[in-house]
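>>> What follows is a predicted protein model with its sequence.
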Amino acid sequence: MGGERSPAVLVIVATYNERDNLPTLVERIFAAAPFVDVLVVDDNSPDGTGRWCDDYAAADSRLRCLHRPGKGGLGAAVLAGLERAASGGYEVAVNMDADLSHPPEVLPTLIELVSGPHRVADVAIGSRYIPGGGIRNWNWRRHVMSRLVNLYSRWVLRIPANDCSGGFRAYRLDLLARAAGTPIRSTGYAFFEEQLWRLWLAGARLAETPIVFINRDTGQSKANWREIAASGWHLLKLAPAAWGMRRPV
């Protein structure tokens, strides 16, 4: 971090049945950014994810676990983590997936983009769709679907970012506080697009840094076609507001 004081950073990881992936992820997070804290938001995983977190937290205070009673949606889990970050006095919150698809080694870059006297953004996105970024281990259908989702999001919500649907992001928490007046209505996979749109409307400066997204090796993907279709419909319902509202100058 350029020899300056490290900001207070909370890395949020939403989990459901990620016991096989979480130990490796936490190890890589602390290797890449030993100054951060990690909050696991677990939706009562039957595979013991929450129990593993509690055992680890007993030995390392940098990790803690927020236990939720059941699956309440990815967006709701992320919001719960962001609320904990705000109430805990953190300056920066980072959201990332639990399945090792997001490279923890990029954490210092994301954090630096939104912190320090020379920060360039209020929201920094780990982007698959800028030079240097990419995706591994997807079939052609997933590639096409993801590209279409991002093009659709940029057109419907007019968001000036290349990767609107990716969940690897760093946020300045003072900006989140300013944008908190309008609740985010999506709790599913449209959450990230809607959140980015509302932050952009609140005046957020956006930046992207390349990542290589690696499809999960263990566990099952939480996405399905029904949820993706529902997310598309939700974004379409936001279109009249997106085209009628102006970002502050």
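Yep, that arrived. Numbers count the residues shown, from 1 in each chain.
>>> contacts and neighbour counts: CA atoms only from here.
Noted.
>>> now do the same end-to-end measure for stretch 29-47.
Its first and final residues considered, stretch 29-47 spans 22 Å by CA to CA, to the nearest Å.
>>> Show me the strands in this structure, by range?
9-15, 37-42, 63-67, 92-96, 123-127, 134-136, 169-172, 206-210, 212-214 (DSSP state E).
>>> Same list (those) but as TSV, adding distance to Phe192, mean neighbour count and mean pLDDT.
Shown next, in TSV, are the strands of the chain (distance: least, CA to CA, whole Å; neighbours: other CA atoms under 10 Å; pLDDT from 0 to 100):
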stretch	distance to Phe192	mean neighbour count	mean pLDDT
strand 9-15	13	25	97
strand 37-42	17	24	98
strand 63-67	21	19	97
strand 92-96	10	25	97
strand 123-127	11	26	97
strand 134-136	18	13	92
strand 169-172	10	26	96
strand 206-210	14	20	97
strand 212-214	16	18	94
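>>> Between those, which one is closest to Asn150.
Nearest to Asn150, of all those, is strand 123-127, at 11.3 Å by CA to CA.
>>> coming back round to it: okay if I get the strands of the chain as JSON lines plus distance to Met145?
Output for these, formatted as JSON lines (distance: least, CA to CA, whole Å):
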{"stretch": "strand 9-15", "distance to Met145": "23"}
{"stretch": "strand 37-42", "distance to Met145": "28"}
{"stretch": "strand 63-67", "distance to Met145": "32"}
{"stretch": "strand 92-96", "distance to Met145": "21"}
{"stretch": "strand 123-127", "distance to Met145": "16"}
{"stretch": "strand 134-136", "distance to Met145": "13"}
{"stretch": "strand 169-172", "distance to Met145": "21"}
{"stretch": "strand 206-210", "distance to Met145": "20"}
{"stretch": "strand 212-214", "distance to Met145": "15"}
